[in-house]
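Visitor: Sequence and predicted structure are below.
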Amino acid sequence: MQDWNGWHTRYDDPASNLAHRLPAVQEQIGLALDRAHPGPVALLSLCAGQGRDVLPVLARHPRGGDVRGRLVELDPRLAATAREAAPPGVEVVEGDGGSTAAAVGVAPVDLLLLCGIFGNVRDDDIAGTVAAVPALLAPGGTVIWTRGTREPDLTPRLRSWFADAGVRETSFATGPRPSWSVGAGVLDRPARPLLPGRRLFTFLGEDPG
């Protein structure tokens, strides 16, 4: 079994892919907040870990105080760390991000984070999760996702799946070598009803992308 707490220590290693990827994810979160509509901004982060991608951005961004929503993390220690750092209005739920039950009561959201997931699940689970984005994300909302780019590189198909789901790509960034990618896009079609209790993905659990 993967030690997810140990895995998160890679964020503190300046040479790690995680440390290099983090600013790219945070940049897209900031841009999503820049273009968000006035008023409350609804957030959902699945498999959020310690919240290192989003919580520092909320702390410094002018719209951070407008964000309301949910971080979902199965590991109790990671969830506890995120809960300590989360601002008022952002709850941290210890639960399974791979089920639509994690989104009940908050979706559709204005900002959806699917980071550290797609490198750990089967390709058909990725395709199914992307197809479900219109049930999780409000029209005009932003989804941000990550995936490793080592061969076989799935990112071309992944980008196509997002396009098929009605997500207009706004950014796609990769590391300087086959390592990581960060994608972002805006939903340009109407939201669909959320089906509670639907299985989106199941972690295989080795090396997140």
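Guide: Structure received.
Visitor: what about L111, distance to G98?
Guide: Remark: distance between L111 and G98 (CB to CB, to the nearest Å) = 19 Å. Yep, even glycine has a C-beta here, placed from its N, CA and C like the rest.
Visitor: Tell me how many other residues surround V41.
Guide: If you count neighbours by other CB atoms under 10 Å, V41 ends up with 23.
Visitor: was I right about it contacting G64?
Guide: No - the pair V41 and G64 fails to qualify as a contact (CB atoms under 8 Å) at a distance of 9.0 Å.
Visitor: Find the residues that touch each one of those two.
Guide: Residues touching both V41 and G64 (CB atoms under 8 Å, 6 or more residues apart in numbering) are L33.
Visitor: Distance check, P134 against R189.
Guide: Distance, P134 to R189, using CB to CB: 6 Å.
Visitor: Can you check which residues contact both of the two?
Guide: Shared contacts of P134 and R189, defined by CB under 8 Å, 6+ apart, comprise G166.
Visitor: The two: which has the busier surroundings?
Guide: Taking neighbours as other CB under 10 Å, P134 and R189 compare with P134 leading, 23 against 13.
Visitor: All the strands of this structure, residue numbers only.
Guide: Assigned by DSSP state E, the strands in the chain fall at 41-46, 67-73, 90-94, 109-114, 137-148, 167-174, 180-187.
Visitor: what are the pairing partners of the first one, and which direction each?
Guide: In this case it means strand 41-46. strand 67-73 (parallel), strand 109-114 (parallel) (DSSP bridges).
Visitor: Next, the angle strand 167-174 makes with the last one.
Guide: Okay, so that is strand 109-114. For strand 109-114 against strand 167-174, the angle by axes from the mean of the first three to the mean of the last three CA atoms, to 10 degrees is 40 degrees.
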